[in-house]
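>>> Kindly return the folded structure for what I paste below:
(chains A and B)
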Amino acid sequence: MRVRAVGTYLPPWGTRDGRVAGSDEDALTLAVECGRAALADRDADVQHVVLVTRDLPLLEGGNSAALLAGLGLPPTTAAAEQVGGAPAALDAVLTAAPGTLVIGADCPGAAGAGAAAALIADGEGVTLTPVARVQRSLPVRARARDGRVHDYDDQRLARERGMRAALDEAGIARKAVAAVGLAGRDAAALCEGDPPRVVTTGASAPLFALAALAEARAAGLLLAFEQATMTAADVVGGTTAVRRHEPDPSAPPTSRATTGPEIRISLAAYDRAFDEKLRLEAGRCPHCATFALPPRHRCLGCGSEGDAVLTELPRDATVYTTTTVHTPVPGLATPYTIVIVELGGTGVRLLAQVTDATPGGVSIGERGAMVLRRVAERSGIPDYGYSFSPGRSSNEQVAP
Amino acid sequence: MRRVALVGAGMTPFGEHFDLGIKDLLPMAVTEAVGSVDKGFERADIDAAWFGELTTTDGFPSGILVDSCGLLDVPVTRVENACATGNDALRNAVYGVASGMLDVALVVGADKVRESSARSTFWEWMGLTRDMAWDYPIGVVAPANFALHVNRYLHESGATREHQAMVAVKNHHHGVSNPKAQLRFEITVDDVLDAPMVVEPFGVYDCTPQSDGAAALLVVGEEVVDRYTDRPVWVRGVGLGLDRVMHQHKTDMTTFPPTVKAARQAYAMAGVGPADIDVAEVHDCFTGVELIDYEDLGFCDRFAGGALVESGATAVGGRLPVNPSGGLKSKGHPPGATGIAQCVELFEQLRGESTNQVDGARVALAHNIGGPTAVAAVTILGFDKD
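Residues are numbered from 1 along each chain as shown, chains lettered A, B, ... in the order given. You can find the predicted model right below:
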C-alpha cells in the first residue's frame, strides 16, 4: 500500500496559526477541494472514498452523493462517511485498499479549518506501516445532543492522562518525525529535528503531515492523537505527488446578519437540479451543439425537445457582469457579491456568488474558477452549487 | 377595429399608507376616476373590469375590487404580469372594448407593498420571479436583478454614476409639483452620489421607494365617448414584450428586449414613431434603468442615454420630457398601480391639466419593465384619434 498523491486545502481566511472556513464552506466543500487536488492530473481508478470528519453537514444522510458529485466520481463509487479525528483518519489510510481516496476534513466553528486527502494505490509513493493503536476515553471536549460543545478545560489532565498515557500504553519511547492532534508545543516535544507545521488538529492533520513528509522525503514515526486515543505509524519515503491549495490567509470580511422570513426550499427542485448543479453539467443539443445551463427540455438553439445530453463544463470563468448587495437581506450575510460568468469557450453563462474574496472587489472581464460551495442553507438543508473564485486558475496549485 | 378612449382617470396619493388597507385605496381611486368624467358617470355602465395587482393583499383580489367599490354585478379579471401589470391590465381592457363585446371597462391597479416589513419585501418578490434551484439561493434581490444589467450597461456605454444621478435629480424635481407623489423634495447630484449604497451601482437615491397606492381608468368605445366627455384621450397603441427569464440566458444585458418588442407593437398600432412622442412616463425603478429605456424606446441612439439626460432634453421644458409626474423614483411604485398611474398622468397631460404640464403635448407614451427583466408593456395615448 502506497500513498500516490496527497491534496491539501486551507481556506483563505484566518491567520498563519489557524484558518477559519468561509461562511459558504463546510466539511463537505473542504473535502471536495482537497479531494480534487489529490485526483488532479491522475487517471486514478478510485473505487472507494472514505471521508473522516467530526463536522458532517447532513448527519441524517445525503453527504456522499454531494461528495462524489463534487469530486467528479461516479455515483456508483463506494463511499463511507466516518465520524472521527486524527487517529481515525490515519487508521483509514493504514487499512485502505488500493484505489481508495481517504479524506480528512475539519470545519470547526473557530480556527482550525482545513482538509487533506490521500490517494492510496499500488506502485510509487510513500508507504505507511502500523506501529500502535490506543483507544481510551477522556472526553475533555464533548458535543451534546443539542450540538453544544462542553470543554472540561484542564490542559494538564489532557496532557498527562491523554497524550502521555497513550504513549506509555503503546510503549513508544522514541522520537517522532511528526505528531498531530496536539497543541504545537506538545507536538514539538515529541519530535526530533524540524517537524512539519500543521495548522489543523482533527482528521485532516495526519494527512497534512503526510504531505509535508512526502515533500521532505522524510521517514520515521508519525503520531496522531485525539484526546486519549492515538494511532502511530512508520512512514517510509517514496515519490508522492503533493498538490496544495493553501493561499495566504487574510482577515475574514465583516458581514451583517439579518433575521427575517426563511427562504423556503423545494426538495423537488433540489432533487431535479442536483446532478447538474453539483457536477457543473450543461445539457448539450446533439443536433445543433447548443449548451443550456440549467439543462432544459427545449433546446435554446434549434428547438429540438428532450434530446439534450449532459456534458461537463469547463471551470475557468470570466466575469460578464457583477453587483454587490449591501442592503440587508433576510437569511444572507451582507454585503455579498454576485456575478454572471462565462465558462471557458462554451458561451455558457452561470449566475453565481463570489467566494474566497472580500465583497465588492470583482470587475467585469476578471478571470477565475468555479468552485463548489454551500451557496445557501435553507430549512436547515445545505444547498450546494458553484461559486466564482476570482483570480484562481481551474488547475492551480497555491502553496504558501 | 373599433377605437378606444379614456374618459376618466384617478389615483390615490402614493406613499406608505399604513393607515389605509387595499379595501380603502381601491374605492378611493375608483371614485376619483368616476368623478373626473366631464359629463358624469354611472357605475352601472361598467360592463367589465380588469384588476392589476402584483401581490395578493387581504385575500382574493377580484372579489375585493367588486366588494369594496360597489361593483358586485361587474365581471373582473385579475392581471399579474410583474411590474408591467398596470399597462397590461389596460391592454386587456382595450382589447375587450375594441372587440365590440364591451362598451365600458374599468381598469384598476393597486398594491400594498408596505403591508410587509421593509426588509422582507424584496425577498418575497424573489419568490415570484426566480428559479427555485438555480437563482433563489444566489440572492438576486430586485435591485440586484437590475444592477446586473446596469453595471454592464455602464461598462459598455461609458455612462457614469453621475448620469444616473441626473435622472434622480430630474425626477425628484418633477415630483415636487405632484401632490400625489411620495418623495416631494429636491436633491442634488452630490446627494445621490454620497447616499448609502444599496446594491452597486445604486445608492438610496437611485432607488424607487416602497409604496402603497391605487389608480383607475375608465375605458370606453368610440360610439359612447360623447356620453361622457368632449375631451377624450385616445388609446392609440398597446404592446407587451417578453424575454428569456434567467439572466444567464440573456445575450446582451445592456438592453431590455421586452421593451423593444412592446414598443414596436405599440408604435405600429398607433402609426407613430419615437420622434412623435411629446411626453413619456417610463420605468425608472432604478435610475440607470431610465437611461436604458431611452434607448430601447428609440428616444436616442444606443449608448447615448447618458448624453440625453445630461442635455436636459428629458426634463420638462426639454425636447422630450420624461417622467413629469416624478416617475417611480419620486412619485412611488406600488407595482400593480404604477402603469395605471402613468396613464393617469398622461391623461391629464393630454388634456392640459397636469400640475407639471408639458406644453402642447398631443402624443404620450407609458412604459414598464419588470419581473426578472423579462416583461415590458408600452401604451401610447393621443389627444387625436388618429
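
>>> Please make it C-alpha for all contacts and neighbour counts, starting now.
Will do.

>>> Which residues of chain A lie near chain B?
Taking Cα under 8 Å from any Cα of the partner chain as the measure of proximity, chain A contacts chain B at A:260-261, A:265-266, A:269-270, A:273, A:277, A:294, A:320-330, A:332, A:338-340, A:348-353, A:364, A:375-376, A:383.

>>> Now chain B against chain A: closest residue?
Nearest residue of chain B to chain A (Cα to the nearest Cα) works out as B:Val199 at 4.4 Å.

>>> which residues pair with that residue across the strands?
Beta-bridge partners recorded for B:Val199 (DSSP bridges): A:Val325, B:Phe202.

>>> So it is in contact with A:Pro328, correct?
No. Between B:Val199 and A:Pro328 there is no contact under Cα atoms under 8 Å: 10.0 Å.

>>> more crowded one of these two?
Ranked by neighbour count (other Cα atoms under 10 Å in any protein chain shown), B:Val199 and A:Pro328 place B:Val199 first, with 26 against 18.

>>> Need the per-residue pLDDT for that one.
Among the per-residue scores, B:Val199 shows a pLDDT of 97.

>>> swap in B:Met1?
If you check B:Met1, the pLDDT there is 83.

>>> If we ignore the residues flanking it in sequence, what's nearest it?
Of all residues not flanking B:Met1 in the chain, B:Ala98 sits nearest, at 6.3 Å (Cα to Cα, 6 or more residues apart in numbering or on different chains).

>>> quick one: contacts for the one you found?
B:Ala98 sits next to B:1-4, B:221 when contact means Cα atoms under 8 Å, 6 or more residues apart in numbering or on different chains.

>>> Could you rerun that using 10 Å?
Each residue near B:Ala98 by Cα atoms under 10 Å, 6 or more residues apart in numbering or on different chains is listed here: B:1-5, B:92, B:219-222.

>>> and what of B:Glu156?
Taking Cα under 10 Å, 6+ apart, we find B:Glu156 in contact with B:150, B:254, B:303.

>>> buried residues in whichever strand or helix holds it?
Using DSSP states H and E, B:Glu156 maps to helix B:142-157. Across helix B:142-157, burial judged by 16 or more other Cα atoms under 10 Å in any protein chain shown covers B:142-154, B:157.

>>> Go ahead and confirm the residue of chain B closest to chain A touches A:Thr327.
Yes. Here B:Val199 reaches A:Thr327: they are 6.5 Å apart, a contact under Cα atoms under 10 Å.

>>> what do the two both touch?
Common contact partners of B:Val199 and A:Thr327 (Cα under 10 Å, 6+ apart): A:335-336, B:141, B:143.

>>> nearest to B:Glu32, of those residues?
When these are ranked by distance to B:Glu32 (Cα to Cα), B:Pro143 comes first, at 32.6 Å.

>>> picking that back up, could the buried residues of helix B:142-157 go into a markdown table alongside distance to A:Leu138 and pLDDT?
Shown next, in a markdown table, are the buried residues of helix B:142-157 (distance: Cα to Cα, whole Å; pLDDT from 0 to 100):
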| residue | distance to A:Leu138 | pLDDT |
| --- | --- | --- |
| B:Ala142 | 53 | 89 |
| B:Pro143 | 54 | 93 |
| B:Ala144 | 52 | 94 |
| B:Asn145 | 54 | 94 |
| B:Phe146 | 57 | 97 |
| B:Ala147 | 55 | 98 |
| B:Leu148 | 55 | 97 |
| B:His149 | 58 | 98 |
| B:Val150 | 60 | 98 |
| B:Asn151 | 57 | 98 |
| B:Arg152 | 59 | 98 |
| B:Tyr153 | 62 | 98 |
| B:Leu154 | 62 | 98 |
| B:Ser157 | 67 | 98 |
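
>>> for the closest residue to chain B within chain A, what are its contacts?
The minimum distance from chain A to chain B, using Cα to the nearest Cα, falls at A:Val325 (4.4 Å). Taking Cα under 10 Å, 6+ apart as the criterion, A:Val325 is in contact with A:333-338, A:359-360, B:139-141, B:143-144, B:147, B:197-202.
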